[in-house]
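A.B. asks: below are the sequence and a predicted model; questions follow.
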Amino acid sequence: MDIKREDIGDVTVGVVAGRLDAAGAPSLEVFCREWIQAGTRKLVLDLSGLDYISSAGLRAILATAKRLQTAGGAIAVCGLSGVVREVFTISGFDALLPVAEDRAKAVEKF
């Protein structure tokens, strides 16, 4: 799994690629926790480069959403496709979190 950060105005975009599973989920949580501690309050996770997501990946995203909410912030996800979209739909995460088609639309949600 690969994670990169991009900033669009006051929105932090975490670009996640590869597989978000039990091996990568802790890294995502660490990156997001550091961003939140540094002041990020608007976070978009761009999952367009993600090939696979497991329950551990979903848990990392949910933990980040809760941490942001506690800090007075919010999260949105974008770029869901294939298996990742299916997992989000089956798990109900698409009803729990704001989901956008692409990065620009996710940033607009803030």
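C.D. replies: It's in.

A.B. asks: check contacts around residue 22.
C.D. replies: By C-beta atoms under 8 Å, 6 or more residues apart in numbering, the contact list for residue 22 reads 54, 56. Every residue, glycine included, has its C-beta placed from N, CA and C.

A.B. asks: how near is the most centrally placed residue in the chain to residue 6?
C.D. replies: Central residue of the chain (C-alpha atoms, centre = their mean): residue 45, 3.1 Å from the mean position. Distance from residue 45 to residue 6, counting by C-beta to C-beta, to the nearest Å: 12 Å.

A.B. asks: so what sits against both of the two?
C.D. replies: With C-beta under 8 Å, 6+ apart, residue 45 and residue 6 have common neighbours residue 13.

A.B. asks: check what contacts the strand ranked longest in the chain and list those residues.
C.D. replies: Taking DSSP state E as the criterion, the chain has its longest strand at strand 42-53. For strand 42-53, the external contacting residues (C-beta under 8 Å, 6+ apart) are 2, 8, 10-21, 32, 35-36, 61, 64, 68, 73-84, 87-88, 100, 102-103, 106-107, 110.

A.B. asks: just these: which are in strands?
C.D. replies: Using DSSP E, the contacts of strand 42-53 in strands are 2, 8, 11-20, 74-78, 100.

A.B. asks: make a PyMOL selection of the buried ones in these.
C.D. replies: A single PyMOL command selects the buried members of the ones in strands among the contacts of strand 42-53 (16 or more other C-beta atoms under 10 Å):
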select buried, resi 11+12+13+14+15+16+19+20+74+75+76+77+78+100
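
A.B. asks: so what's residue 4 up against?
C.D. replies: Contacts of residue 4 (C-beta under 8 Å, 6+ apart): 14, 15.

A.B. asks: run the angle between the one helix or strand it maps to and strand 42-53 for me.
C.D. replies: Secondary structure from DSSP states H and E places residue 4 in strand 2-8. Computed by axes from the mean of the first three to the mean of the last three C-alpha atoms, to 10 degrees, the angle separating strand 2-8 from strand 42-53 equals 150 degrees.

A.B. asks: taking strand 11-20 as reference, get the angle to strand 2-8.
C.D. replies: Inter-element angle recorded for strand 2-8 and strand 11-20: 160 degrees (by the same axes, to 10 degrees).
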